[in-house]
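Q: Using only what follows, build the 3D model:
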Amino acid sequence: LITNQLSNKHNTMSTTTTTTATDTAPPTTPSIPEEVYKKWNIVYPIYLDSTVSSRKGRLLAKDKAVPNPTGAQLFKACKILNLTDISVPETEKKHPRDQLNPGRLRIKMQDEKGNFTCGGRYADKRDLLVALAKEISEIQQKEKQQKQAKKQLLEQKQKKKASANTSQVRTFQGAGKSKKGKKKGKR
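A: Modelled structure (predicted):
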């Protein structure tokens with residue numbers, strides 16, 4: 001719950017805005033203590049970005065990577081894959097070569113003995129990255145479809161508004177025309 005208050009000499013205004021958990025990115029302060037998850041592996045969106053070269057940070061093959069993933073999409077994919085019990089989102093952290101795309105994920109990929117487990121779901125880190133990339137691809141497609149549907153709805157509203165405006169405009173025949181013939185009255 002976010003509350004903003006503005007006050008002047010003559011008037012006082014108070015506004016209250018409520019944000020839901022689905023609209024915002026995950027919290028940066030997880031319930032897991034930092035000393036525990038500090039040793040976990042990190043996944044940045046740049047690791048899955050098909051527009052970036054492997055020299056600049058991409059870890060997947062171009063055909064398996066997705067174009068321009070964001071930190072929020074990475075967090076959504078993690079939630080869809082049910083990795084929330086072994087992962088911690090860090091929304092303000094940035095990759096050194098990708099400063100304009102904030103967000104990273106810390107994932108517990110190894111058990112206490114050092115064996116790769118990733119919750120028993122994936123064989124290695126690359127399999128996990130491929131699964132995340134597939135989910136992000138689906139998320140991007142859904143976002144694109146939603147954006148197109150919103151655009152079409154807006155266009156339909158504009159067309160209805162334009163047709164309503166044209167039907168309200170009346171055309172008067174003879175308006176502005178001068179009459180021809182003799183003028184009556186004094187000359």
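Q: What ranges does the chain have for its helices?
A: 34-37, 71-80, 125-168 (DSSP state H).
Q: how about these, which one is nearest Gln110?
A: helix 125-168 (10.0 Å; CB to CB). C-beta here means a position set from N, CA and C on the backbone, and glycine is covered the same way.
Q: Give me the mean pLDDT for that closest one.
A: The average pLDDT within helix 125-168 is 88.
Q: Also compute the angle for that helix relative to helix 71-80, please.
A: 110 degrees (axes from the mean of the first three to the mean of the last three CA atoms, to 10 degrees).
Q: Name the stretch from the helices of the chain that approaches Asp111 most closely.
A: Across the helices of the chain, closest to Asp111 is helix 34-37 (CB to CB), at 13.0 Å.
Q: State the mean pLDDT of that closest one.
A: The model assigns helix 34-37 a mean pLDDT of 71.
Q: okay, stretch 147-162 in PDB with CA atoms only?
A: This file holds the C-alpha atoms of stretch 147-162, laid out as PDB (Å, rounded to 0.1, in the frame of the first residue of the first chain):
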ATOM      1  CA  LYS A 147      -0.500  -5.900 -26.700                       C
ATOM      2  CA  GLN A 148      -2.100  -6.600 -30.100                       C
ATOM      3  CA  ALA A 149      -5.500  -7.300 -28.600                       C
ATOM      4  CA  LYS A 150      -5.200  -4.000 -26.600                       C
ATOM      5  CA  LYS A 151      -4.300  -2.200 -29.800                       C
ATOM      6  CA  GLN A 152      -7.200  -3.600 -31.700                       C
ATOM      7  CA  LEU A 153      -9.600  -2.800 -29.000                       C
ATOM      8  CA  LEU A 154      -8.300   0.800 -28.900                       C
ATOM      9  CA  GLU A 155      -8.700   1.100 -32.700                       C
ATOM     10  CA  GLN A 156     -12.300  -0.200 -32.500                       C
ATOM     11  CA  LYS A 157     -13.100   2.400 -29.900                       C
ATOM     12  CA  GLN A 158     -11.600   5.100 -32.000                       C
ATOM     13  CA  LYS A 159     -13.600   3.900 -35.100                       C
ATOM     14  CA  LYS A 160     -16.800   3.900 -33.100                       C
ATOM     15  CA  LYS A 161     -16.100   7.400 -31.700                       C
ATOM     16  CA  ALA A 162     -15.300   8.700 -35.200                       C
END
